[in-house]
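> Can you look at this prediction? I've put the sequence above it.
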Amino acid sequence: MLTSRLIGHRGVASLAPENTLAGIRLAAEMGVKWVEVDVTLLGDDTPILIHDADLARCSNAEGLVIDLSRRDLKNIDAGSWFSKEYAGEPLPLLSDALTLISHLGLGLNLEIKTHSIDPDKIAHIVQSCLRSNPFPADKLLISSFEHETLQAWYQTEKKTALGYLVEALPDDWQQRLDMIRARSLNFDWQQVSAREFMMVKESGFELYSYTCNDPEQGELLWQQGVDGVITDYPQRFPIS
Ligand code: G3P
Ligand code: MG
């Protein structure tokens, strides 16, 4: 199995502002071994960590992420919306996040949020950032809901472990996973049945389920063969 049984969602989204360096540091302090974070591009092609295409929910700013350039980041506070304790937390550059995560010895499930960006473009920019900020290949899973983005990745980089993200299981799941030699199916545990995900596992793919915040449900998923549970609340689970 590539990742660990427990993966901190957006860092530790229940205890620190999501997709921040503070959240990643907290995950490491708690003993979480892998984190999931979201990456997208600014208008000047700088990759940064943020979930939404819009700034409003997770920062003191408004407007579209794609309308920003790197020099705008100094005015953005991505922590105060969560709590005063995190005031002034920056919107992290992917390069800084890679350096920190690597330094902390964590594994990384990096989810590419393509939004309206060209899939080839975002895949290649993230690849370029990883070349400039090397990250251990055995601790990296690149995931995306956008199959085209994963295809673009696979066309130029065959060695990276890829996770195809779905909500419900598409009928052509096997074809989609095979096309990119996916390592895993990352699925919404509320939308994919045990019968369905066991079928995927029997075809040789790892399984990661999001976003499970109930430890009893997580235990059941593990027992049913899910390799890793992605959670906002790692503090509720046995951390190993
Ligand atoms: O990668 C798992 C999960 O993060 C996918 O959904 O919307 O939380 O990025 P979302
Ligand atoms: Mg995500």
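Good, I have the coordinates. Residues are numbered from 1 along each chain as shown. Ligands and ions are numbered 1, 2, ... in the order given.

> need the residues of the protein near ligand 2, please.
Proximity of the chain to ligand 2, by CB under 5 Å from the ion, involves residues D38, E111. (Each C-beta comes from the backbone N, C-alpha and C, glycine too.)

> Just give the closest residue to A61, not the sequence neighbours.
L55 (4.4 Å; CB to CB, 6 or more residues apart in numbering).

> Could you tell me how many residues sit around the closest residue to ligand 2 within the chain?
Ligand 2 sits closest to E111 of the chain, with a gap of 4.0 Å, by CB to the ion. Residue neighbour count, defined by other CB atoms under 10 Å, stands at 25 for E111.

> what is it paired to in the beta sheet?
Beta-bridge partners recorded for E111 (DSSP bridges): D38, S143.

> My guess is D38 contacts A53. True?
No - checked against CB atoms under 8 Å, the pair D38 and A53 is beyond contact range at 10.7 Å.

> anything in contact with each of those two?
Common neighbours of D38 and A53 are listed as K113 (criterion: CB atoms under 8 Å, 6 or more residues apart in numbering).

> These two: who's more crowded?
Taking other CB under 10 Å, D38 and A53 do not tie; D38 has more neighbours (20 against 14).

> For the more buried one, give me its contacts.
D38 neighbours (CB under 8 Å, 6+ apart): R10, N19, L49, I50, H51, E111, I112, K113.

> Now tabulate those in JSON lines and tack on pLDDT and secondary structure.
As requested, the contacts of D38 are exported to JSON lines (pLDDT from 0 to 100; DSSP: H, G, I helix; E, B strand; the rest coil):
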{"residue": "R10", "pLDDT": "98", "secondary structure": "coil"}
{"residue": "N19", "pLDDT": "98", "secondary structure": "coil"}
{"residue": "L49", "pLDDT": "98", "secondary structure": "strand"}
{"residue": "I50", "pLDDT": "98", "secondary structure": "coil"}
{"residue": "H51", "pLDDT": "98", "secondary structure": "coil"}
{"residue": "E111", "pLDDT": "99", "secondary structure": "strand"}
{"residue": "I112", "pLDDT": "99", "secondary structure": "strand"}
{"residue": "K113", "pLDDT": "98", "secondary structure": "coil"}
